[in-house]
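Visitor: one predicted model, sequence on top.
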Amino acid sequence: MLKKLHEKNGIQLGIGLVIGIIFGFLLQKGGVTKYDVIIGQLLLTDFTVVKIMLTAMTTGMIGVHLLRSLGIAQLHPKPGSLGSAVTGGLIFGVGFGVLGYCPGTVAGAVGQGSLDALFGGVVGILIGAGLFSEFYPKLEKRILSRGDFGELTWPQLFRVNPWVIITPVSFGIIALLVWIETSGL
Amino acid sequence: MESDMEWLSMGKWSPYAVGMGIGLLSCVAFLLSDKPIGCSTAYSRTSGMIERLFRGGIVAEKAYYKKFAPSIEWEWMLVIGIFIGGFLSATLSGQFQTGWVPVKWALSFGDTPVLRWGVALIGGVILGIGSRWAGGCTSGHGISGTLQLAVSSWIAVLCFFIGGIATAMVVFHVLIP
């Protein structure tokens, strides 16, 4: 692994910025910095968001696990619990449907000139994140720790080699995307 | 030269090309930075930095900011980069345009900026709480988490879409007679 590079904080800030610029460029070119496209996905009339996410996930899943097999990358799965992933996920979904952007695409939307994304989205997310930090100690104790499963991955859960999961998941996603295309969505 | 660079000024790329690009970019992030791409902790850190302006160093003592220090780091730069990348892409294709009300919103709810602003603000607050509650967003859980086969991320992204689809359906099909 490129450990020395990972420890150089100044260079890392630069790498983060460049990766962000490419990411924002791709998101805008994909159309997913647009409210109309995201809401179209949630109303199930435009499947651009799902197509991009599933393709990115499959490409990244194969690539990152290859890097890991070569010993030049390691995984950082997020720890989780039912109280965090289910409750938080549903709250996120409500915000996603009301705002029509997510925390990443909202920044790209600001870049393309969407003022609702800046003064509504970004300002709102900052207020929401601030409120969360205020209530975090109580939430942590009462809800976030419920049903804790830690940094668990599917291969760990089923005690199999990651490729035993990656292979069928990849083919399943490709089949799903082909079905989406052929049904004209 | 002009025709070689034409793809940069195209209005839209195939979602599959964009998806593959993001997937490869994730690999680069793991390789060069040992980090998954994610966005929502940057908002927490910024919120903490703003709070510190008003309340001072005591803010760093809050339990949540001990976990996610209110300072500029990799992910924060990434979000700034997304803004710049979005601006570059939109400018190159001639799509950059300031506006308050998206087309689809205007068709159903009219083009009054204040209504769209108010609803977007409420949505943003809920999204900010939800992303921190779930421990990630559509990037951190939705792409980086699912590609690592993390159980928490698969559950979270499923709930993002269940909540999102239900909410959008209510907003556009129930609230509008």
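Guide: Structure's in. What do you need?
Visitor: export only the CA atoms of the helix ranked longest in chain B, formatted as CSV.
Guide: Ranked by number of residues, the top helix in chain B under DSSP state H is helix B:113-134. Provided in CSV are the C-alpha atoms of helix B:113-134 (Å, rounded to 0.1, in the frame of the first residue of the first chain):
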residue,chain,number,x,y,z
PRO,B,113,-39.0,31.1,-5.3
VAL,B,114,-40.0,31.4,-1.7
LEU,B,115,-42.1,28.3,-1.6
ARG,B,116,-39.4,26.2,-3.3
TRP,B,117,-36.8,27.7,-1.0
GLY,B,118,-38.8,27.0,2.2
VAL,B,119,-39.5,23.4,1.2
ALA,B,120,-35.9,22.8,0.1
LEU,B,121,-34.7,24.2,3.5
ILE,B,122,-37.0,21.8,5.4
GLY,B,123,-35.8,18.9,3.2
GLY,B,124,-32.2,19.9,3.8
VAL,B,125,-32.6,19.9,7.5
ILE,B,126,-34.2,16.5,7.5
LEU,B,127,-31.5,15.2,5.1
GLY,B,128,-28.8,16.6,7.3
ILE,B,129,-30.2,14.8,10.4
GLY,B,130,-30.9,11.6,8.4
SER,B,131,-27.4,11.4,6.8
ARG,B,132,-25.7,11.7,10.2
TRP,B,133,-28.2,9.4,11.9
ALA,B,134,-27.6,6.7,9.2
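Visitor: how about that helix: buried residues?
Guide: Burial within helix B:113-134, assessed by neighbour count using 16 or more other Cβ atoms under 10 Å in any protein chain shown, is assigned to B:116-117, B:119-134. C-beta coordinates here come from the backbone N, C-alpha and C atoms, glycine included.
Visitor: distance from it to the middle of the chain?
Guide: Chain-centre distance of helix B:113-134: 12 Å, with Cα atoms, centre = their mean, to the nearest Å.
Visitor: need the contact list for the spatially closest residue to B:Pro15 that is not a sequence neighbour.
Guide: Distances taken as Cβ to Cβ, 6 or more residues apart in numbering or on different chains place A:Lys51 nearest to B:Pro15, at 3.8 Å, with adjacent residues excluded. Shown in contact with A:Lys51 (Cβ atoms under 8 Å, 6 or more residues apart in numbering or on different chains): A:Leu177, A:Ile180, B:Pro15, B:Tyr16, B:Gly19.
Visitor: what lies in contact with the helix or strand just after the longest helix of chain B?
Guide: Remark: after helix B:113-134, the chain's next helix or strand is helix B:146-147, criterion DSSP states H and E. Where contact means Cβ under 8 Å, 6+ apart, the residues beyond helix B:146-147 that reach it are A:Ala56, A:Met57, A:Thr58, A:Gly60, A:Met61, A:Val64, B:Gly23, B:Ser26, B:Ser153, B:Trp154, B:Val157.
Visitor: quick one, helices of the chain?
Guide: Assuming you mean chain A. Taking DSSP H, the helices of chain A run over residues A:3-7, A:9-30, A:35-42, A:48-69, A:82, A:88-99, A:103-111, A:115, A:123-139, A:154-158, A:162-182.
Visitor: I was after chain B.
Guide: Per DSSP H, chain B carries helices over the ranges B:15-33, B:40-55, B:63-67, B:74-92, B:103-109, B:113-134, B:146-147, B:151-169.
Visitor: so can I have JSON lines of the ones you listed showing mean pLDDT?
Guide: Shown next, in JSON lines, are the helices of chain B (pLDDT from 0 to 100):
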{"stretch": "helix B:15-33", "mean pLDDT": "98"}
{"stretch": "helix B:40-55", "mean pLDDT": "96"}
{"stretch": "helix B:63-67", "mean pLDDT": "95"}
{"stretch": "helix B:74-92", "mean pLDDT": "98"}
{"stretch": "helix B:103-109", "mean pLDDT": "96"}
{"stretch": "helix B:113-134", "mean pLDDT": "98"}
{"stretch": "helix B:146-147", "mean pLDDT": "98"}
{"stretch": "helix B:151-169", "mean pLDDT": "98"}
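Visitor: before we move on, the earlier item: including neighbour count and distance to B:Leu107, could the contacts of A:Lys51 go into a markdown table?
Guide: Below are these laid out as a markdown table (neighbours: other Cβ atoms under 10 Å in any protein chain shown; distance: Cβ to Cβ, whole Å):
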| residue | neighbour count | distance to B:Leu107 |
| --- | --- | --- |
| A:Leu177 | 19 | 29 |
| A:Ile180 | 14 | 25 |
| B:Pro15 | 24 | 23 |
| B:Tyr16 | 17 | 29 |
| B:Gly19 | 27 | 28 |
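Visitor: one step back: the longest helix of chain B - contacts with which helices or strands?
Guide: Applying 3 or more Cβ pairs under 8 Å, 6 or more residues apart in numbering or on different chains; DSSP states H and E, one finds that helix B:113-134 contacts helix A:88-99, helix A:103-111, helix A:123-139, helix B:40-55, helix B:103-109, helix B:151-169.
Visitor: compute the inter-axis angle for the second one and helix A:9-30.
Guide: What that stands for is helix A:103-111. Taking axes from the mean of the first three to the mean of the last three Cα atoms, to 10 degrees, helix A:103-111 and helix A:9-30 form an angle of 70 degrees between their directions.
Visitor: avg pLDDT for helix A:103-111?
Guide: Taken as a whole, helix A:103-111 has a mean pLDDT of 98.
Visitor: related to what we said a few turns ago, relative to B:Leu175, which of the helices and strands packed on helix B:113-134 is closest?
Guide: Nearest of these to B:Leu175, taken as Cβ to Cβ: helix B:103-109 at 8.6 Å.
Visitor: how many neighbours does residue 56 have?
Guide: Chain wasn't specified; assuming chain A. By other Cβ atoms under 10 Å in any protein chain shown, 30 other residues sit near A:Ala56.
Visitor: wait, chain B
Guide: B:Gly56: 9 neighbours (other Cβ under 10 Å).
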